[in-house]
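**Q** Provide a 3D model corresponding to the input given below.
(chains A and B)
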Amino acid sequence: MPKDSGIGASIKRREDVRFLTGRGRYTDDINLRGQAHVAFLRSNVAHGRLRGVDTAAAAAMPGVVRIFTGEDFAAVGGLPCGWQVTGRDGQVMKEPKHPVLAHGKVRHVGDPIAAVVAETYEQARDAAEAIAVDIESLPAVVDMAAALAPGSALVHDDLGTNLCYDWGFIEDSKAAVAAAIAAAHHVTTLDLVNNRLIPNAMEPRVAVGDYNSASGESTLYTTSQNPHVIRLLMGAFVLGIPEHKLRVVAPDVGGGFGSKIFHYAEEALCTFAARALNRPVKWTAQRSESFVTDAHGRDHVTRIELALDRDGHFLAIRTSTLANMGAYLSTFAPSVPTYLHGTLMAGNYKTPHIYVNVKAVFTNTVPVDAYRGAGRPEATFQLERVIDKAAREMGIDPVEIRRRNFVDAFPYQTPVAVAYDTGNYHATMDKLVTIADLAGFEKRRAASAAKGLLRGLGLNCYIEACGIAPSHLVGQLGARAGLYESATVRVNATGGIVVMTGSHSHGQGHETTFAQVIADMIGIPEAQVEIVHGDTANAPMGMGTYGSRSLAVGGSAMVRAANKIISKARKIAAHLMEAAEGDIELKDGKFRVAGTDKSVDWGAVCLAAYVPHNYPLAELEPGLEETAFYDPANFTFPAGAYACEVEVDPETGRVTIDRFAAADDFGNIVNPMVVDGQVHGGIGQGIGQALLERAVYDANGQLLSGTYMDYAMPRADDLPSYVVDHSCATPCTHNPLGVKGCGEAGAIGSPPAVVNAVIDALHRGGHAHVTHIDMPLSPARVWAAMQG
Amino acid sequence: MAKVAMTVNGKAVSGEVEGRTLLVQFLREGLGLTGTHVGCDTSQCGACVVHIDGAAVKACAVFALDAEGASVRTIEGMANADGSLSAIQQAFQDHHALQCGFCTPGMVMSAAALLAENPKPTEREVREYLEGNLCRCTGYHNIVKAIMAASGQEVAIAAE
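**A** Got it, this is the predicted structure:
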């Protein structure tokens, strides 16, 4: 029987009611009394020297309050980078300043040159168009290989190079990997591109700055996945506002997928302008601004080599990747192609020798940073594609070659630093074989063939490192932050509970699922628990939501705080019942004295804490509120196996996904309905990457795919229904809930399944010369590949 | 500035707008009906879908002045008279057809228009009808399921 409450129940989401009735409160819904509006003048060239910005005519236009340019920000800090990678030669990465408004040079189309503040948005926009900018165009650096060639134009003149870092992982294993490859029975090599994507959360970014001149406090309302992180980065590194004078609020946020982790120039501008003008200042992105200012994702060019013995056992992996950083280092950009990518190259397999080289490159494009999966999709894609290619070359079944190499004993120390605590890869593969009905494939293939279509089957496994991250470990690797989470559990006198969490919900459903956990722990109805997030004035600290970390890290902090509450409440209950604390049991919202019929309700204990007439005041403070921080002991390692069936039209190259199945191991599950939804959404984005999406720059650095008419977002009729299963659960061994995280899995696991399926279809259809097609697998690319 | 008057969710409303003011701006900024969202500037995303005289229309593609005298219905006017969720809204909650909620108002308005036109659509018809509504969170699976359920049909959709 499915549960109807507590952990494991598919409880309907409480937040849905406001979203379904138009009563969500997103940042753009906030309008403050007296607010002015901002429009940005942005560079329309990718690379150029700013010779002059003449704002005189614009400043005289109706409604204009003030125009800010780069000069106004020359004295404040740049937008900081939160991760410092150290390269192979021991040199730290190149870290150019990222000014709030361009100064000296413009470095990508969309780089902000000036910000016009006016009484209305229309006035601000009209005036922005009247600013005269003198830009000396410079050759644009777009292609990564060309960027590293001698004589290339430089994105940042003072660096003397476009190379941000050259990273080897693990450098000491390089020789052993080379030797293993040289001696191997078979080596499969694959060159591939992990296509550049634009995250495209449906809510464009918004920032509203406010300033209270009486108290000297600044407030920023922003579309963020982590308001505390923005407070720290913007306050300490850009504007010099101490945290007690800066409040950051991220109310309802319309999706993030990574793109709303980062600190953006517009946040600093609005906060700065509000203080300078002593009035609220609001900016709402037009979608065409989002395309050229939200951090993009992926954009790797990779060669991978897989060495195998005669029986298809993996001996060694060597990869070489160029990773695009764009024009500036976004908040976590350097970590994505390194520690979120190289550490995952073992996948689900026992490969003794692995070496990863990544060169990160500056180009005149929008900064690139974490996007759903962040490094892990790039690792999974190359690994699972090269395994498929090797299986075909060696004549081994794609399921069998994976099974032969699965890690099957845990804990497992990989050769790329991370240690998997638990998993069962054979079980998820067994489950996949069933739910995808692999046995029925041949019959379906024949049916497709009868219609003149080529059917193919692709499958792959994935592993990801989630629950980011142990602070001591990431600190050694260059992170400039700790990656713990915090929560305060406040119990009111009448027994209701408010949890203030540093995790942020922007679609994940924490308001429902976190309440399920607390209600389950105490044995009270979920309705008695309220989850509050998204405001630095509430939660003590918050590293935020990304990396599938909310439940594994934020949930663990909450559980830890709740355990402190229960421990104190037990002492109060013992006092009330004149029993020994050790004899008190909490069950179904009642504290009982073990072995007796004596009990006291949760509510009575809470009341006693706040009305301490009969209370052990000598030993115990009144009140019932506790805060906890949780720093994870390890990453969590969700894993799974995915299968995709496609039909390819040999006349047009059009690919249609007919079936898609996902068998995931997320450890314990709090709300299966919500988990299904997370996987569906991830798969949708992964199929988007595989078949549709690609950010395209021309040689001049113009973004050609800059609207929804040019950038192919997946639509309802592009996608199939999905079969998802998460019954193969091996609980995480090191967090209190045994949870692993599920937010990114779908986006990580699905692209290789789709591409493997198309290659399979082409092989079965007589196009054996096609060993790879770069994503997205558009009809034109597939058709061209078939023609050879 | 010009005066515009229309009926929104059954109430007579009026306001001063510029010629270039879009209906969605008038709803959000003029009337404070912020349930209708703006997700793009090319009339592609569908977050701003409302009903004008019963037809689903992108409110970013209509000038406020062009809605003079029209009967407009927004997400704020979709619940039952007693405030409870309508059948389509309830189906969205029951089937977890929304995550971040930003596309949701437009999705609900489109779904309502679809079922008014075609009370028993096939799964394919639902997917094709939603071409003008982008969702980045759900992969559409549960949206399709919810609309099928709201139409009173089996929710078992393909591959399930």
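
**Q** give me the residue from chain A nearest chain B.
**A** residue A:22 (1.9 Å; CB to the nearest CB). All C-beta atoms are positioned from the backbone trio N, CA, C, and that covers glycine.

**Q** mind listing what the closest residue in space to that residue that isn't next to it in sequence touches?
**A** Leaving aside its sequence neighbours, residue A:22 sits nearest to residue B:35 (CB to CB, 6 or more residues apart in numbering or on different chains; 1.9 Å). By CB atoms under 8 Å, 6 or more residues apart in numbering or on different chains, residue B:35 lies in contact with A:21, A:22, A:23, A:24, B:74, B:75, B:76, B:105.

**Q** check which helix or strand the residue nearest in space to the middle of chain B maps to.
**A** Chain B has residue B:109 as the residue nearest its centroid, 2.5 Å off, counting by CA atoms, centre = their mean. In the assignment (DSSP states H and E), residue B:109 maps to helix B:104-117.

**Q** next SSE downstream of that helix?
**A** Going down the chain from helix B:104-117, the next helix or strand is helix B:123-129, by DSSP H and E.

**Q** flag every buried residue along that following helix.
**A** For helix B:123-129, the neighbour count (16 or more other CB atoms under 10 Å in any protein chain shown) marks B:123, B:126, B:127, B:129 as buried.

**Q** and what of stretch B:22-41?
**A** Buried-residue list, stretch B:22-41, by 16+ other CB under 10 Å: B:22-31, B:33-41.

**Q** same question for stretch A:414-433.
**A** The neighbour-count check on stretch A:414-433 (16+ other CB under 10 Å) flags A:414-416, A:418, A:420-425, A:427-433 as buried.

**Q** pull the residues that contact the helix holding residue B:109.
**A** Residues contacting helix B:104-117 (CB under 8 Å, 6+ apart): A:19-20, A:22, B:35-37, B:39, B:45-51, B:54-56, B:73-75, B:78, B:86, B:88-89, B:92, B:97-98, B:121, B:125-126, B:129-130, B:132-133, B:135, B:143, B:146-147, B:150-151.

**Q** ok, and what's touching stretch A:286-295?
**A** A:40, A:42, A:108-110, A:112, A:198-200, A:204-205, A:258-259, A:262, A:264-266, A:285, A:326, A:330, A:333, A:366-371, A:703, A:705-708, A:711, B:39-42, B:45.

**Q** tell me the pLDDT of the residue of chain A closest to chain B.
**A** We have a pLDDT of 98 for residue A:22.

**Q** ok and the residue in chain B nearest chain A?
**A** For chain B, CB to the nearest CB, closest residue to chain A: residue B:35, 1.9 Å.

**Q** okay, now the domains of chain B?
**A** Domains of chain B are assigned by automatic domain parsing as B:2-76, B:87-150.

**Q** the first one: end-to-end distance?
**A** This points to domain B:2-76. Chord length of domain B:2-76, first to last residue, is 26 Å (CA to CA, to the nearest Å).

**Q** export the helix holding residue B:109 to CSV, keeping only CA atoms.
**A** The C-alpha trace of helix B:104-117 is given here as CSV (Å, rounded to 0.1, in the frame of the first residue of the first chain):
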residue,chain,number,x,y,z
THR,B,104,1.6,27.1,-15.2
PRO,B,105,-0.9,29.9,-15.7
GLY,B,106,-0.4,29.8,-19.5
MET,B,107,-0.6,26.0,-19.5
VAL,B,108,-3.8,26.0,-17.6
MET,B,109,-5.4,28.6,-19.8
SER,B,110,-4.3,26.7,-22.9
ALA,B,111,-5.5,23.4,-21.5
ALA,B,112,-8.9,24.9,-20.7
ALA,B,113,-9.2,26.2,-24.3
LEU,B,114,-8.2,22.9,-25.7
LEU,B,115,-10.8,21.0,-23.7
ALA,B,116,-13.5,23.5,-24.6
GLU,B,117,-12.7,22.9,-28.3
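
**Q** what separates that helix from the chain centre, distance-wise?
**A** 6 Å (CA atoms, centre = their mean, to the nearest Å).

**Q** buried residues in that helix?
**A** Neighbour-count burial for helix B:104-117 [16+ other CB under 10 Å]: B:104, B:105, B:106, B:107, B:108, B:109, B:110, B:111, B:112, B:113, B:114, B:115.

**Q** mind putting those into CSV with distance to residue A:163?
**A** CSV is the format used below for the buried residues of helix B:104-117 (distance: CB to CB, whole Å):
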residue, distance to residue A:163
B:104, 45
B:105, 47
B:106, 45
B:107, 45
B:108, 50
B:109, 50
B:110, 48
B:111, 51
B:112, 55
B:113, 54
B:114, 53
B:115, 57
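
**Q** just these now: which is nearest residue A:12?
**A** Distance to residue A:12, by CB to CB, is smallest for residue B:104 among the buried residues of helix B:104-117, at 14.5 Å.

**Q** could you tell me how far the closest one is located from residue A:16?
**A** 8 Å (CB to CB, to the nearest Å).

**Q** which residues are in contact with both of those two?
**A** Residues touching both residue B:104 and residue A:16 by CB under 8 Å, 6+ apart: B:92, B:98.

**Q** now stretch A:448-459: average pLDDT?
**A** Averaged across stretch A:448-459, the pLDDT comes to 98.

**Q** quick check: closest non-adjacent residue to residue B:46.
**A** Leaving aside its sequence neighbours, residue B:46 sits nearest to residue B:133 (CB to CB, 6+ apart; 3.5 Å).

**Q** just checking, residue A:158 touches residue A:94?
**A** No - assessed by CB atoms under 8 Å, residue A:158 is found out of contact with residue A:94, at 9.5 Å.

**Q** among those two, which residue is more densely surrounded?
**A** residue A:94 (20 against 9; other CB atoms under 10 Å in any protein chain shown).

**Q** below-threshold pLDDT in chain B: ranges please.
**A** Residues of chain B meeting the criterion pLDDT under 70: B:155-160.

**Q** and the helices in it?
**A** B:23-25, B:87-94, B:104-117, B:123-129, B:141-150 (DSSP state H).

**Q** report the angle between the second one and helix B:141-150.
**A** So the one you mean is helix B:87-94. Angle of helix B:87-94 versus helix B:141-150, following axes from the mean of the first three to the mean of the last three CA atoms, to 10 degrees, is 140 degrees.

**Q** helix B:87-94 near chain A anywhere?
**A** Yes - using CB under 8 Å from any CB of the partner chain, helix B:87-94 reaches chain A at B:89, B:92, B:93, B:94.

**Q** number of nearby residues for the second one?
**A** Burial measure for residue B:92: 28 neighbouring residues, criterion other CB under 10 Å.
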